[in-house]
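Asker: Give me a model of this one.
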Amino acid sequence: MDIIYSSTKLLNIKPLTVVNGNACYEIEDKDKECLVKHTFVFTPHSTMFIAVKHAGNIHIFNVKNDGDFPDEFKAYIDKITPTLMTFYGERATLRELFRISDEINRMNPHDFVIIPPKKPPCDKFIALDNAKRIVHELNADLQRKCPEFYLNIDYITSFPVGSNASLYSDIRLNAYIKPPLLLCLMHGNDCVSSITINVRESTISIDSKTNERYEGRKFNTLLRAVAIMISKGLNENAVKLTSSAANIISAMLMIKRFNAVSEGGDIGKSVIHPDKLDKVIKDYFSHNGGIETHLELNEANTANATEVFHETIERMNCKPLEPLEPLAGGLKRTNRNRKTRKTRKTRKTMKTMKTRKTRNTRNTRKPIQ
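Answerer: Predicted structure coming up:
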């Protein structure tokens with residue numbers, strides 16, 4: 001195994017976009033199973049050099065200025081060559097991969113990162129034409145009420161350059177990834193609320209995340225309605241949509257607004273009296289720490305989702321965000337989120353007592369809406 005300084009043309013490495021401050025690169029590689037395989041890597045935008053194992057050797061690329069490898073950088077590579085050989089060797093353990101990756105990627109002065117040799121399985125991108133057509137039609141209705149917002153469905157590797165996205169799961173940096181398919185509510189180039197969609201043979205699963213500053217605006221409700229409406233457009237063979245609710249609000253939403261039932265089918269509007277439904281859901285959620293729900297992808301539920309979509313548009317809060325106030329140390333918050341300590345009760349032996357000054361506190365993370 002040798003170290004080779006290569007041109008990006010070898011693997012047709014090209015930049016695709018920048019999301020959340022991280023650059024995405026597409027790497028083309030030949031694979032026995034996939035024939036031509038496209039892999040994707042997100043890395044900090046500052047990254048200059050990357051190392052990739054290809055055809056039994058370690059290839060180093062300059063992704064900013066192809067073919068430029070300063071002597072100082074080469075001297076650094078010579079110094080860490082034994083470590084690179086271990087990292088890309090056949091016998092490297094998972095623990096070693098994590099340790100070496102963390103050590104080199106965080107502590108070198110050359111904006112150099114190493115990409116682990118393990119690659120994701122062959123992946124076929126889903127045709128999004130039908131889903132995008134539906135989303136385009138829904139945008140016409142949405143923008144009558146909320147002209148600064150719009151819906152978008154795409155793989156994250158196709159997001160606008162310089163965009164930001166609130167994601168259910170963080171994307172691992174400096175590693176081959178399977179690009180997530182995201183349904184987003186966009187404000188400018190920012191995906192302020194998202195649903196990650198996984199399409200399988202007969203099911204579609206969703207997970208949601210809303211930017212904390214936009215919570216409570218009905219965005220999650222809107223996106224879940226759209227996810228149901230476009231499911232058949234993503235996979236005409238899909239018969240149900242599943243959602244593993246990580247918070248009680250999402251569970252209530254799926255069951256009460258979208259006719260979903262629990263995994264066993266024993267919790268739902270059709271099997272629990274409306275007066276008891278909230279308590280049953282809360283008790284189940286409290287005991288199990290979550291709840292998985294599913295709904296049938298039929299005409300009735302699609303029609304219901306369409307109705308919920310239009311109702312939600314009328315109830316959504318589309319107003320601009322409150323301006324942030326700068327705080328000591330660079331932290332920011334809105335006036336609405338500022339919390340003050342309660343004043344102490346007046347003691348009998350004292351006529352008056354001054355209240356304590358309000359202390360700056362960090363906002364705690366709110367549950368997903």
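
Asker: which residues of the stretch 201-350 of the chain fall in strands?
Answerer: If you assign secondary structure with DSSP state E, counting those that start in this stretch, the strands in the stretch 201-350 of the chain sit at 203-210, 240-245, 261-262, 291-296, 325-326, 332-333.

Asker: Flag whichever of the ones you listed has the least confidence on average.
Answerer: Comparing the strands of the stretch 201-350 of the chain by mean pLDDT, the weakest confidence falls on strand 332-333, with a mean of 44.

Asker: just for the protein, where's the confidence low?
Answerer: Under the criterion pLDDT under 70, the flagged ranges of the chain are 30-37, 121, 123, 323-369.

Asker: Can you report how many residues neighbour the residue nearest to Asn62 when sequence neighbours are not counted?
Answerer: Excluding its sequence neighbours, the residue lying closest to Asn62 (CB to CB, 6 or more residues apart in numbering) is Asp68, at 5.1 Å. (Glycine included, C-beta is placed from N, CA and C.) Residues near Asp68, counting by other CB atoms under 10 Å, number 11.

Asker: gap between the residue lying closest to Leu241 once chain neighbours are set aside and Thr86?
Answerer: If you skip the residues right next to it in sequence, Leu241 has Ile204 as its closest partner in space, 4.9 Å away by CB to CB, 6+ apart. Distance, Ile204 to Thr86, by CB to CB, to the nearest Å: 42 Å.

Asker: Then Pro116?
Answerer: Plainly put, Pro116 is 12 Å away from Thr86 if you go by CB to CB.

Asker: More neighbours: which of these two?
Answerer: Between Pro116 and Thr86, counted using other CB under 10 Å, the more crowded position is Pro116 (19 against 15).

Asker: Tell me who's in contact with that one.
Answerer: Residues near Pro116 by CB atoms under 8 Å, 6 or more residues apart in numbering: 87, 97, 101, 175-176.

Asker: go again using 10 Å as the cut-off
Answerer: By CB atoms under 10 Å, 6 or more residues apart in numbering, the residues touching Pro116 are 52-53, 87-88, 92, 94, 97-98, 100-101, 172, 174-176.

Asker: okay, these in CSV with distance to Ala300 next?
Answerer: Written out in CSV, the entries for the contacts of Pro116 read as follows (distance: CB to CB, whole Å):
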residue, distance to Ala300
Val52, 50
Lys53, 52
Phe87, 54
Tyr88, 55
Ala92, 53
Leu94, 47
Leu97, 49
Phe98, 48
Ile100, 54
Ser101, 50
Arg172, 40
Asn174, 46
Ala175, 43
Tyr176, 41
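
Asker: Isn't Lys282 up against Ile249?
Answerer: No - counting by CB atoms under 10 Å, Lys282 stays clear of Ile249, with 11.1 Å between them.

Asker: neighbour count winner among those two?
Answerer: Higher neighbour count among Lys282 and Ile249: Ile249, with 17 against 13, using other CB under 10 Å.

Asker: Chain neighbours aside, what residue packs nearest to Phe49?
Answerer: Once flanking residues are discounted, Phe49 sits nearest to Phe112: 4.2 Å by CB to CB, 6+ apart.

Asker: Also Glu201?
Answerer: For Glu201, the nearest residue in space outside its immediate sequence neighbours is Asn237; the separation is 6.8 Å by CB to CB, 6+ apart.

Asker: Give me the neighbour count for that neighbour.
Answerer: Residues near Asn237, counting by other CB under 10 Å, number 11.

Asker: Tell me who's in contact with it.
Answerer: By CB under 10 Å, 6+ apart, the neighbours of Asn237 are 199-203, 297.

Asker: what do you get for Asp190?
Answerer: 160, 162-166, 184, 211, 214.

Asker: With secondary structure added, can I get these in JSON lines?
Answerer: Listed next are these as JSON lines, based on DSSP: H, G, I helix; E, B strand; the rest coil:
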{"residue": "Pro160", "secondary structure": "coil"}
{"residue": "Gly162", "secondary structure": "coil"}
{"residue": "Ser163", "secondary structure": "strand"}
{"residue": "Asn164", "secondary structure": "strand"}
{"residue": "Ala165", "secondary structure": "strand"}
{"residue": "Ser166", "secondary structure": "coil"}
{"residue": "Cys184", "secondary structure": "strand"}
{"residue": "Asn211", "secondary structure": "coil"}
{"residue": "Tyr214", "secondary structure": "helix"}
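
Asker: Neighbour-wise, which one of the residues you listed leads?
Answerer: Within the contacts of Asp190, most neighbours by other CB under 10 Å means Cys184, with 25 neighbours.

Asker: can you pull the contacts of the spatially closest residue to that one that is not a sequence neighbour?
Answerer: Once its chain neighbours are removed from consideration, Cys184 has its nearest residue in Cys191; the separation is 3.7 Å (CB to CB, 6+ apart). When the contact criterion is CB under 10 Å, 6+ apart, the partners of Cys191 are 19-20, 152, 154, 156, 159-160, 163-167, 182-185, 209, 211.

Asker: So which residues of this protein form helices?
Answerer: 71-87, 94-107, 129-145, 219-234, 248-258, 274-288, 299-315 (DSSP state H).

Asker: With distance to Pro15 as added columns, please give these in TSV.
Answerer: Below are those laid out as TSV (distance: least, CB to CB, whole Å):
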stretch	distance to Pro15
helix 71-87	20
helix 94-107	19
helix 129-145	24
helix 219-234	27
helix 248-258	35
helix 274-288	43
helix 299-315	36
